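[1] coords below, sequence missing:
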C-alpha cells in the first residue's frame, strides 16, 4: 500500500508515512486516506483526530503543506478546549496579530493569585527618598518616583509625594512615621488619621495597597494601637478602607478624602496639635474602694 501523498510504501503499522511524515491512514478506522481529504471518507473522522480524543498534531506535516495554506492548532487543558484551522496566507496575515496575542497570553499561563494582581510597583520605595529644593521627590541615586497615574514628572503627583514625605520616611518597601504631629483631637482621631495617611502614602507612590501587618507595625511604633481603647475593633470595621486580598488594605473614596483633609491640616502651621502619643500618657483607672 502506497502513501497517497509521496507514493512511498507504507508500513503495516501506524497511521503516518515514514518518508514524508504525513497522515496516511485514519486514526479511528485505519482506512487509507484519500489525497487532499480533510476527513476520512469511511468514518468521517477529521484529519489529525481520533474519535473521542483531542487533536493530535502530525509532527512533520506542516512543512509539506502547500505554500498558501497554514495549519493552526490550539489546545488548552482542564477540561479542555481545542481549536484547529487551516488558513491561507492572506487570512493568516489578517488574523496573525489576533492569534499571536491570544496564544501569547495562553502560552505558559499560570493561575493568578491576588499577589500577582498586586505585583510590586517599580522600585520607587527605596531608602533615601527625600524632597528636593524645587518641590519634587527623589529616590536614592537621584531617580524620580513613579507617577501613580502613569508616567514620571507629573507636577501634582510630585507635590503630593513631597507632602507625604514630610510625615513619613521610607523604610525598605514601606513607610515609617517620622513626624507624629497629626493634629488629632483624641486618641481615636489620631488612630484614624494615621491609618488613612499610611495607606494614602502607599497610593501616592504608586502602590494601591499595603500589608495589614505593616500598618499594625506603624500603629505599634506610634504607641497608638493600645491607646485608643477599641483600636482593633475599629480596624476590623474597615471604615474608609477595604481588604484588597491576602491581608492587604487599600483606601476607598471616603478614606482617601479623609487622608487628604488630614494631610492638609498636618501641614498647616495654623492648626494646633491637640493630641499625640508623646503629649498624653494613659492614666490608670482609680481602683474602687470596697464598701465596708
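    Noted; the coordinates are in hand. In this text, all values refer to a predicted model and were calculated from it rather than measured experimentally. Numbers count the residues shown, from 1 in each chain.
[2] ok, residue 188 touching residue 234?
    Yes: between residue 188 and residue 234 there is a contact at 7.3 Å, judged by CB atoms under 8 Å. In short, each C-beta sits where N, CA and C put it, glycine included.
[3] where does pLDDT dip in the protein?
    Within the chain, the segments meeting pLDDT under 70 span 52-70, 72, 77-80, 87, 89-155, 226-229, 280-292.
[4] domains for it, by residue range?
    With domains defined by automatic domain parsing, the chain comprises 1-64, 66-102, 130-266.
[5] can you list these in TSV and add distance to residue 273?
    Formatted as TSV, these follow (distance: least, CB to CB, whole Å):
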stretch	distance to residue 273
domain 1-64	70
domain 66-102	55
domain 130-266	4
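[6] return the most buried member of those domains.
    domain 130-266 (a mean of 17; mean count of other CB atoms under 10 Å).
[7] next structured bit after whichever strand or helix holds residue 193?
    Here residue 193 is covered by helix 187-204, with elements defined by DSSP states H and E. Sequence order places strand 210-211 as the next helix or strand after helix 187-204, per DSSP H and E.
[8] pull up the pairing partners for that next one, direction included.
    Sheet pairing of strand 210-211 (DSSP bridges) gives strand 248-251 (antiparallel).
[9] got a list of contacts for the strand it pairs with?
    114, 118, 196, 199-200, 203, 208-212, 215, 238, 240-244, 259 (CB atoms under 8 Å, 6 or more residues apart in numbering).
[10] what helix or strand does the residue lying closest to residue 196 once chain neighbours are set aside sit in?
    Spatial nearest neighbour of residue 196, chain neighbours left out: residue 259 (3.8 Å); criterion: CB to CB, 6 or more residues apart in numbering. Secondary-structure element containing residue 259, defined by DSSP H and E: helix 253-266.
[11] just residue 233 next, same as before
    Secondary structure from DSSP H and E places residue 233 in helix 231-237.
[12] contacts for that helix, please.
    By CB under 8 Å, 6+ apart, the residues outside helix 231-237 that reach it are 188, 191, 192, 195, 216, 219, 224, 225, 228.
[13] again, only using 10 Å
    Helix 231-237 is touched from outside by 187-188, 191-192, 195, 212, 215-216, 219, 224-226, 228, 230, 241, 249, with contacts defined as CB atoms under 10 Å, 6 or more residues apart in numbering.
[14] same question, stretch 181-188
    Stretch 181-188 is contacted from outside by 167, 189-194, 196-197, 222, 224, 226-231, 234, 262-268, 271-280, 282, using CB under 10 Å, 6+ apart.
[15] just the endpoints, please. Distance across it?
    14 Å (CA to CA, to the nearest Å).
[16] let's have the chain start at 325 instead
    Okay, using 325 as the starting number, the last item reads as stretch 505-512.
[17] residue 519 and residue 563 touch, don't they?
    Yes: between residue 519 and residue 563 there is a contact under CB atoms under 10 Å: 9.1 Å.
[18] list the residues that are in contact with both of those two.
    579, 582.
[19] the residue nearest to residue 356 when sequence neighbours are not counted: what's it in contact with?
    Once flanking residues are discounted, residue 356 sits nearest to residue 349: 5.9 Å by CB to CB, 6+ apart. When contacts are counted by CB under 10 Å, 6+ apart, residue 349 is found next to 325, 327-328, 334, 337-341, 355-357, 364.
[20] alright, I will stop here.
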